[in-house]
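Colleague: Just the structure for this:
(one chain, ligands or ions: 3)
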Amino acid sequence: MGTLQFIRRGQTVALANVPPDRTLLQVLREDLGHTGTKEGCGEGDCGACTVAVGEAVDGRLQIRAINACICLAHSIAGKALWTAEDLAQDPLLRPQDAPAGSLHPVQQALVQHHGSQCGFCTPGFVMSLFALYQNEVCQGRGVERERAVQDLSGNLCRCTGYRPILDAAQHMGALPRWQVDEAAVLQKMELLAQSSQAPEPDLAYMAPGTLAELLAARSAHPQAQLVAGCTDAGLWVTKQHRQFAQVLDVTRVAELCRIEETAEHTAIGAAVRLHDAFAALVRRRPQLQTFAARFAGLPVRNAGTLGGNVANGSPIGDSMPLLIALRARVVLASPRGTRELPLEELYTGYRQNVLAPDEVLAHILVPHPAPGEFLRAYKVSKRQDDDISAVCLVLNLHLEGGRVQAASIGAGGVAAVPARARQAEAALQGQPWSAAAARRAAEALQAQFTPLSDMRASSQYRSALLASLLQRFWLESQGTANASLATLDLEALA
Ligand SMILES: Cc1cc2nc3c(=O)[nH]c(=O)nc-3n(C[C@H](O)[C@H](O)[C@H](O)COP(=O)(O)OP(=O)(O)OC[C@H]3O[C@@H](n4cnc5c(N)ncnc54)[C@H](O)[C@@H]3O)c2cc1C
Ligand code: FES
Ligand code: FES
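Modeller: Ligands and ions are numbered 1, 2, ... in the order given. Here you go, the predicted structure:
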């Protein structure tokens, strides 16, 4: 097992014999004895374990909040780490003239605005706010309340309530500035990279840097657990107690971390983080912003990848109905070459797909919007933030002269796989776009899908939702429904 090295408090931390499936939270709390980072749910839901990770991206330091509980420790090798315990102690952060015992402005603002009661959630809030502080306040920008709500979407507090915490977020910028010394951190990471070239590659936790290396490793070690951001796979460790003797991490593969624009499509590498992938989709289709912000919470979107969501193939995953409606195609790569197919053809059954044992998902190709496109994405879940869909329905029409030239509809939560709503598409194809056509499409949707009942929703409710979302889509196309209400709460409808 290779030695895990990363930068913390301006120093290199080196830990020998860290198993490939040890989580970052276990390393912090159990191996280092630093229990300031808390464990609540152990599944990425509560944010008590939030830490900030810094990595070099295009010569700049990018700092993001992630959940330590579902993050494999080796994934932060060579990066910089901050926990709530580090902020007041990091010499690359703490101003030299700060009096002894002073708190970071984020912590100070929480104190001043009474943002903590029992305090269990507080280290996690501090770290989400720290990332926000670095990315906004330290770049000379203020923090709007709505932005703070977004950035704290992965942190739950059960006693203080959110108003004082949001007040702290809005006021932390008014306190004397503490800013990470970006150049110094980058330099330390560079020195670490140079000094940690191991003579023998670590075969327990493999993190290749190129697609060719990834494919070679996949062929040579077919039993290794392929992982990306671990926001699904991490739960198999923490909740199902699965053990990964060998891990193959795709998130350092340069080709898979890129977003490329061509004349026809946006090519999103499978290892592009969800946050960045959705940002690219929103640049082309701004109406997707609300939908994008409702995918998990920010720490999960900062760690999880678009390719992981698609490859995992959960029937209640959110990006697949969207990508199906956008007529996205996937590129699969193996040592034998690449092949391309429509996204919906990736799935063969419940969490089953056509990927061969030596194949990986390499890219997702999303066509650019064409003139006349009318697109809406609806997610219905029990909670507004950080929740999985009961039903996800994405509708995309190409309208010309009031007629449907093409319809593509993706649906989640209503079948064993994320599915294309072919019957509703056929009912709309070539028809005048009218209330009657929308009704026929709704009937076709209900005829095609027989959803299951589970803890999220009953079969009847899901089926009724399909029809009411189509009706909503019709109204929005006529400008008669408030487009800003493009998301619904189950409770509001029940
Ligand atoms: C708190 C929480 C909230 C969530 N909310 C949502 C939500 O609102 N909507 C939603 O859709 N999902 C949600 N998820 C699920 C999760 O975030 C996504 O499925 C995520 O996109 C998975 O990506 P990852 O990079 O973390 O994949 P990982 O967990 O690393 O891997 C998942 C699977 O994909 C495979 N895989 C990964 N990359 C590749 C590749 N390039 N080629 C082949 N196989 C690959 C892995 O082998 C593994 O089987 C949530 C998860 C959590 C913990
Ligand atoms: S412990 Fe709840 S998100 Fe990690
Ligand atoms: S202060 Fe108690 S859970 Fe937030």
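Colleague: how does the protein divide into domains?
Modeller: If you go by automatic domain parsing, the domain ranges for the chain are 1-196, 201-369, 371-494.
Colleague: looking at those, which is closest to ligand 3?
Modeller: With respect to ligand 3, and counting by CB to the nearest ligand atom, the nearest of the domains of the chain is domain 1-196 at 3.3 Å. C-beta here means a position set from N, CA and C on the backbone, and glycine is covered the same way.
Colleague: Please identify the helix or strand for Leu203.
Modeller: Secondary structure from DSSP states H and E places Leu203 outside every helix and strand.
Colleague: Likewise for Ala216?
Modeller: Assigned by DSSP H and E, Ala216 falls in helix 211-220.
Colleague: who in this structure is up against ligand 3?
Modeller: Applying CB under 6 Å from any ligand atom, we find that the chain lies next to ligand 3 at Ser116, Gln117, Cys118, Gly119, Phe120, Cys121, Thr122, Cys157, Arg158, Cys159, Thr160.
Colleague: got a list of what the first one touches?
Modeller: Which is Ser116. Ser116 makes contacts with Leu110, Thr122, Phe125, Thr160, as judged by CB atoms under 8 Å, 6 or more residues apart in numbering.
Colleague: Using JSON lines, please lay out these together with neighbour count and distance to ligand 2.
Modeller: Shown next, in JSON lines, are the contacts of Ser116 (neighbours: other CB atoms under 10 Å; distance: CB to the nearest ligand atom, whole Å):
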{"residue": "Leu110", "neighbour count": "26", "distance to ligand 2": "19"}
{"residue": "Thr122", "neighbour count": "22", "distance to ligand 2": "14"}
{"residue": "Phe125", "neighbour count": "29", "distance to ligand 2": "12"}
{"residue": "Thr160", "neighbour count": "19", "distance to ligand 2": "17"}
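Colleague: So which of these are in strands?
Modeller: With DSSP state E as the criterion, strands contain none of the contacts of Ser116.
Colleague: Just the closest residue of the protein to ligand 1, please.
Modeller: Residue nearest to ligand 1 within the chain: Gly308 (2.1 Å; CB to the nearest ligand atom).
Colleague: one step back: okay, the contacts of Ser116 in TSV with distance to ligand 1 next?
Modeller: As requested, those are exported to TSV (distance: CB to the nearest ligand atom, whole Å):
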residue	distance to ligand 1
Leu110	23
Thr122	19
Phe125	16
Thr160	21
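Colleague: Show me these that map onto helices.
Modeller: Judged by DSSP state H, the contacts of Ser116 include Leu110, Thr122, Phe125 as members of helices.
Colleague: secondary structure element for Asp276?
Modeller: Here Asp276 sits within helix 274-284, counting by DSSP H and E.
Colleague: mind listing what's buried in that helix?
Modeller: Going by neighbour count (16 or more other CB atoms under 10 Å), the buried part of helix 274-284 is Leu274, His275, Asp276, Ala277, Phe278, Ala280, Leu281, Val282.
Colleague: Leu298 is in contact with the second one, correct?
Modeller: Yes - A contact is recorded between His275 and Leu298 when judged using CB atoms under 8 Å, the distance being 7.0 Å.
Colleague: coming back round to it: please pull up the helix or strand immediately following whichever strand or helix holds the residue of the chain closest to ligand 1.
Modeller: According to DSSP H and E, Gly308 maps onto helix 306-312. Downstream of helix 306-312, the first helix or strand assigned by DSSP H and E is helix 319-325.
Colleague: Now do the next helix or strand after that following helix: which elements does it pack against?
Modeller: Once helix 319-325 ends, the next helix or strand along the chain (criterion: DSSP H and E) is strand 329-334. Other helices and strands packing on strand 329-334, by 3 or more CB pairs under 8 Å, 6 or more residues apart in numbering; DSSP states H and E, are helix 211-220, strand 337-342, strand 360-367.
Colleague: now for the first one, which elements pack on it?
Modeller: Contact analysis of helix 211-220 by 3+ CB pairs under 8 Å, 6+ apart lists strand 247-249, strand 329-334, strand 360-367 as its packing neighbours.
Colleague: quick one: buried residues of that helix?
Modeller: So for helix 211-220, counting by 16+ other CB under 10 Å, buried means Leu211, Glu213, Leu214, Leu215, Ala217, Arg218.
Colleague: can you pull the buried residues of the lengthiest helix in the chain?
Modeller: The single longest helix within the chain, with elements called by DSSP H, is helix 459-477. By neighbour count with 16+ other CB under 10 Å, helix 459-477 contains the buried residues 461-463, 465-474, 476-477.
Colleague: now swap in stretch 407-419 and tell me
Modeller: Neighbour count says stretch 407-419 has Ala407, Ser408, Ile409, Gly410, Ala411, Gly412, Gly413, Val414, Ala415, Val417, Pro418, Ala419 buried, by 16+ other CB under 10 Å.
Colleague: May I have the distance across it, first residue to last?
Modeller: Terminal residues of stretch 407-419 are spaced 14 Å apart (CA to CA, to the nearest Å).
Colleague: three-state assignment of the residue most central in space within the chain?
Modeller: Nearest to the mean C-alpha position of the chain, counting by CA atoms, centre = their mean, stands Arg301 at 2.0 Å. With DSSP: H, G, I helix; E, B strand; the rest coil as the basis, Arg301 sits in helix.
Colleague: Please look at it and Phe295 and confirm they touch.
Modeller: Yes - assessed by CB under 8 Å, Arg301 is found in contact with Phe295 at 6.0 Å.
Colleague: Quickly list what's touching both of these two.
Modeller: Leu274, Phe278.
Colleague: Mind putting the helices and strands packed on strand 329-334 into CSV with mean pLDDT?
Modeller: Below are those laid out as CSV (pLDDT from 0 to 100):
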stretch, mean pLDDT
helix 211-220, 98
strand 337-342, 98
strand 360-367, 98
